[in-house]
Structure formats: C-alpha cells, structure tokens
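K.L.:
Build me a model:
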Amino acid sequence: MQEEQPVKPANIANIVATNQGLLPLTMEIPVAKPLTAEQVEAFMAEGHIIVDTRSSPDFGSGHIPGAFHAHLSSPEFEQRVGWVTPLDTPLILVTNSEEEAQKAIYNLAFLALDGRVTGYLDDGMEAWMDAGKAMTTVPQMDVYSLRDRLSSNGLQVLDVREDDEYEDGHIEVAQNLSFKLIPTRLDTLGLNPEVPLAITCATGKRSSTAASMLLRQGFGELYNVTGGMAAWESADFDTVFGLEE
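P.N.:
Numbers count the residues shown, from 1 in each chain. Here you go, the predicted structure:
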C-alpha cells in the first residue's frame with residue numbers, strides 16, 4: 001500500500017505561472033494544427049511526446065511507441081494529461097478525428113496546457129500505419145481470463161485507483177498505487193518488469209493510462225483489465241476490503 005501522500009494538482013507549476021502573469025493566458029479558442037506522420041516522427045526525435053486520446057481498446061490494439069494514453073471521454077482528461085506528462089514537454093495529440101483534436105486542445109486550455117500542443121496526427125493511426133511506422137500494443141484481458149491466470153500460474157496485479165477506492169474492494173493479490181504516483185513511487189512496490197503484469201482500475205481507463213506509463217519504464221508483458229473492478233465485482237469474484245497493514 002502506498003503511504004499517505006497528497007498529490008499536487010495537475011500542471012500546478014504552469015497554472016501558478018499563468019496566474020502570476022509569467023506565462024501568457026489563452027484569450028482565444030486554441031486550434032490544433034494537423035501534422036503528417038513524417039512531421040510527427042521528426043518532432044518526436046526532437047523530444048516531443050505523444051498523447052493518445054482514443055479509447056482503451058483502440059490504444060491497446062496499436063499505438064505509437066512511447067505514447068501516453070489519456071482517454072478524451074474522461075471528465076478528468078486534462079488533469080490526467082497534466083499528471084502524467086513531463087512538465088513543459090511539447091505534446092502531439094493522437095485522436096480519431098480532427099473534431100476530437102480540437103476538443104482535446106480546448107479541454108487542455110483549462111489547465112494552461114494548450115500552449116504545449118504542437119499539433120495532432122492528421123488522419124490518426126491510419127496515417128501512421130499507411131506510412132509504415134512502428135507501433136506497439138497493450139493486450140486487453142477480461143476478468144475471467146484474469147481469474148484463471150491468477151489460479152493457474154500467477155500474475156502480478158497492480159490496482160491504480162486511489163486509496164479509498166482500493167479499500168472499498170480489491171483483488172486480494174493486487175498491490176495499490178495511484179497512477180498519479182507511478183513516476184515517483186513505483187519502485188516502492190518491488191514489481192518485476194520481466195514478469196507479466198495485469199493493471200486494473202474502476203473501469204479500464206486509468207489502468208490503460210498506467211500501462212502507457214509502465215511501457216515507458218521498461219515493463220514488457222502488460223495487460224489492461226477491461227471493465228476493471230466494476231466487471232470483477234459484477235462477475236461476483238472474490239473481493240477483499242480494507243488496506244494492507
């Protein structure tokens with residue numbers, strides 16, 4: 001279990017700087033610029049990072065290596081981008097459409113993150129695939145397969161919800177660490193990057209975000225648990241309550 005530790009609001013440094021007048025405040029509706037696959041690849045070589053905003057299954061089926069995942073449909077979309085991406089690093093969006101790209105940059109403006117957006121991948125992953133660029137995947141695992149794997153040959157399980165959610169019911173063998181704390185506290189869990197790891201949350205969105213972060217940290221065989229603990233509990237599988245001592 002993680003120790004009691006408050007998490008700073010997402011992108012707090014830029015928000016404070018904006019409030020102090022040190023960074024310009026966006027006064028107009030921001031617009032994301034379309035980029036070709038070749039331009040995206042060139043920007044990545046300069047240190048720009050990818051934020052993939054598609055659904056967890058879409059992200060899992062194939063995404064740009066090194067991409068962070070933050071589901072655009074989440075009411076916490078912009079906060080999650082602020083929590084997981086390195087401060088001040090330029091961002092490139094991957095979406096399903098130009099309309100979604102504009103919605104994403106508009107939402108990011110609420111946390112003063114829109115100024116970091118270089119643009120979006122025009123025509124999305126279809127353009128990336130057509131250009132013959134590399135992709136990677138995150139397999140999705142349903143709760144029935146997860147239970148079978150746990151009973152047959154074992155599997156590491158990471159629950160990336162908050163403490164109170166974990167306390168209200170979790171898989172017995174699951175270790176708990178909020179996805180927000182993965183950059184700073186992952187090493188306290190003793191997870192083995194060489195051993196298969198299933199990641200769960202409430203419904204499968206935060207766990208997909210966590211999977212994208214863990215891929216960047218060298219974890220190999222990762223599984224996103226589809227439906228998360230909602231699906232586990234609906235299947236009436238064994239659940240334990242409380243926090244580890």
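K.L.:
just for the protein, where's the confidence low?
P.N.:
Along the chain, the parts satisfying pLDDT under 70 run over 1-27, 243-245.
K.L.:
That one: helices as residue ranges?
P.N.:
12-19, 37-45, 56-61, 77-84, 98-108, 124-130, 143-152, 163-167, 182-185, 206-216, 228-234 (DSSP state H).
K.L.:
Let's have these in a markdown table, adding mean neighbour count and distance to residue 68.
P.N.:
C-beta coordinates here come from the backbone N, C-alpha and C atoms, glycine included. Compiled in a markdown table, those are given as follows (neighbours: other C-beta atoms under 10 Å; distance: least, C-beta to C-beta, whole Å):
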| stretch | mean neighbour count | distance to residue 68 |
| --- | --- | --- |
| helix 12-19 | 15 | 17 |
| helix 37-45 | 16 | 12 |
| helix 56-61 | 20 | 10 |
| helix 77-84 | 23 | 5 |
| helix 98-108 | 20 | 13 |
| helix 124-130 | 17 | 15 |
| helix 143-152 | 15 | 24 |
| helix 163-167 | 17 | 22 |
| helix 182-185 | 15 | 11 |
| helix 206-216 | 25 | 5 |
| helix 228-234 | 18 | 19 |
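K.L.:
could these be laid out in TSV, adding distance to residue 176?
P.N.:
What follows is the helices of the chain, written out as TSV (distance: least, C-beta to C-beta, whole Å):
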stretch	distance to residue 176
helix 12-19	24
helix 37-45	33
helix 56-61	20
helix 77-84	17
helix 98-108	28
helix 124-130	32
helix 143-152	16
helix 163-167	4
helix 182-185	11
helix 206-216	12
helix 228-234	12
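K.L.:
and of the ones you listed, who's closest to residue 174?
P.N.:
Closest to residue 174 of the helices of the chain is helix 163-167 (C-beta to C-beta; 7.8 Å).
K.L.:
Straight-line length of stretch 94-103, end to end?
P.N.:
12 Å (C-alpha to C-alpha, to the nearest Å).
K.L.:
Then stretch 156-165?
P.N.:
Stretch 156-165 end-to-end distance (C-alpha to C-alpha) = 19 Å.
K.L.:
same thing with stretch 140-156?
P.N.:
Using C-alpha to C-alpha, the two ends of stretch 140-156 sit 15 Å apart.
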